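1. Below is the sequence, then the predicted model.
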Amino acid sequence: MDQLKLIAPVIKNSIESWLEIKAATGNLASNTRSAYYSDLTDFFKFLAEYQNETANLLTVENLKISDIRAWQAKQRTMNSGARSSARKLSSLKSYIRWLSKHRKFDATHILSLKSPKFSKKLPRPLEPVDAKAVLTQCESTSTEPWIVARDTAVLILLYGCGLRISEALNLRTQEIPLGNSIRITGKGGKVRIVPVLKIAQNAVNQYVELCPFKLERDDKIFFGARGKPLSPKVIQNKMKFVRHLLGLPATATPHALRHSFATHLLSNGGDLRTIQELLGHASLSTTQIYTSVDSVRLMEVYSKTHPQA
């Protein structure tokens, strides 16, 4: 089929309407919106080719379980994992739930489909000595002092404040100079207050002093080499370079520094509720995974050090 005719405009419009409604509730981050749109358009492109006709609203109303199964089978041939398949099905069901109410058709058979089962991987935090080494090693990764200061500041915000990389890179001039706490808007528009260690305050303020670009009102404070907002990819590549220098595993990513923040707090007596608030988790069950991480780490120490192990 002609790629331009795979999805009828009315389908695309309905997806956009659904996304607008979800965004209006304040529970839709930009990355999540993009993922929803990609999941749904991929499904309807598949369906159009599978049924050899343009996907339209009537197609959705007449959707069969066998159509979904065929789509999932196609995903498996493309080496799509169970986690990814579960997310895609969740996106589709959420959209169909809204559309069925809007157009008043029965979608019970689709909404009752169970997602593929998958085992959640435990976060892989760094050891405290390795996390500190990452921050120190940044000093030798560039000849430009302002870039060294920038990358160090970002990584300290991840490990010292438990920020997501997107949250760190979204810091704006209103927060400068950093004080003892910052107001962070995280996933789903959830706002939290995060304490800022003195080392993080100093690192960010030093970067601002060295930055060669003028910070205008409401600017994001972290710049790339050409004066545009810093891309997460730059920090990911810097972390990749540093972990190679230090001989750390591939799991030593920027997000692993956030995991390390939570795990090290828990290891030193931090309570789950406080850590939940600091991380900006909507559910305590998300934070509880760190208790499993801590237990695994304790068993590793036990097996390596106990004389009878």
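-> Received, thanks. Every value quoted in this text rests on a predicted model; they were computed, and no experiment measured them. Numbers count the residues shown, from 1 in each chain.

2. What ranges in the stretch 1-150 of the chain fall below the confidence cut-off?
-> Confidence mapping of the stretch 1-150 of the chain against pLDDT under 70 gives the ranges 1-4, 26-29, 117-123.

3. Sketch out the helices for it, chain order is fine.
-> For the stretch 1-150 of the chain, the helices defined by DSSP state H, counting those that start in this stretch occupy 9-24, 30-51, 57-61, 65-77, 82-103, 108-111, 128-137, 145-161.

4. Show me the one of those helices that comes nearest Leu215.
-> helix 145-161 (12.6 Å; CB to CB). Every C-beta, even on glycine, is put in place using the N, C-alpha and C of the backbone.

5. Buried residues of the closest one, list them for me.
-> By neighbour count with 16 or more other CB atoms under 10 Å, helix 145-161 contains the buried residues 146-161.

6. pull the CA atoms of the helix or strand that comes right after that helix into CSV?
-> Counting by DSSP states H and E, the element after helix 145-161 in chain order, helix or strand, is helix 165-169. Only the C-alpha atoms of helix 165-169 are listed here, as CSV (Å, rounded to 0.1, in the frame of the first residue of the first chain):
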residue,chain,number,x,y,z
ILE,A,165,19.0,13.9,33.4
SER,A,166,16.0,15.7,31.8
GLU,A,167,15.4,17.5,35.1
ALA,A,168,19.0,18.6,35.5
LEU,A,169,19.1,19.9,31.9
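
7. how much distance is there from helix 165-169 to the middle of the chain?
-> Centroid separation for helix 165-169 versus its chain: 10 Å, with CA atoms, centre = their mean, to the nearest Å.

8. Likewise for stretch 97-111?
-> With CA atoms, centre = their mean, you get 29 Å for stretch 97-111.

9. One more: stretch 192-200?
-> 21 Å.

10. Name the nearest of the buried residues of helix 145-161 relative to Ile96.
-> Leu158 (37.2 Å).

11. among the helices of the stretch 1-150 of the chain, which is the most enclosed?
-> Of all the helices of the stretch 1-150 of the chain, helix 145-161 has the most neighbours on average by mean count of other CB atoms under 10 Å, namely a mean of 23.

12. just checking, what packs against that helix?
-> helix 128-137, helix 165-169, helix 198-210, helix 232-246, helix 254-267 (3 or more CB pairs under 8 Å, 6 or more residues apart in numbering; DSSP states H and E).

13. Please identify the most buried of those.
-> Scoring these by mean count of other CB under 10 Å, the most buried comes out as helix 254-267, with a mean of 22.

14. next SSE after it?
-> Next along the chain from helix 254-267, counting by DSSP H and E, comes helix 272-279.

15. for that next one, what is the average pLDDT?
-> The average pLDDT within helix 272-279 is 76.

16. Centre-most residue in this structure?
-> Arg164 (7.4 Å; CA atoms, centre = their mean).

17. returning to what we had before: distance to Pro177 for the helices and strands packed on helix 145-161 - can I get that in TSV?
-> Shown next, in TSV, are the helices and strands packed on helix 145-161 (distance: least, CB to CB, whole Å):
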stretch	distance to Pro177
helix 128-137	20
helix 165-169	16
helix 198-210	5
helix 232-246	22
helix 254-267	22
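
18. Ok, which of those comes nearest Glu277?
-> Set against Glu277 and scored by CB to CB, the helices and strands packed on helix 145-161 come closest in helix 254-267, at 11.5 Å.

19. that older thread, would you mind putting the helices of the stretch 1-150 of the chain into a markdown table with distance to Phe213 alongside?
-> Converted to a markdown table, these look like this (distance: least, CB to CB, whole Å):
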| stretch | distance to Phe213 |
| --- | --- |
| helix 9-24 | 31 |
| helix 30-51 | 24 |
| helix 57-61 | 48 |
| helix 65-77 | 43 |
| helix 82-103 | 37 |
| helix 108-111 | 50 |
| helix 128-137 | 24 |
| helix 145-161 | 9 |
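
20. right, and the ones you listed - which one's nearest Pro249?
-> Judging these by CB to CB, what sits closest to Pro249 is helix 128-137, at 9.7 Å.
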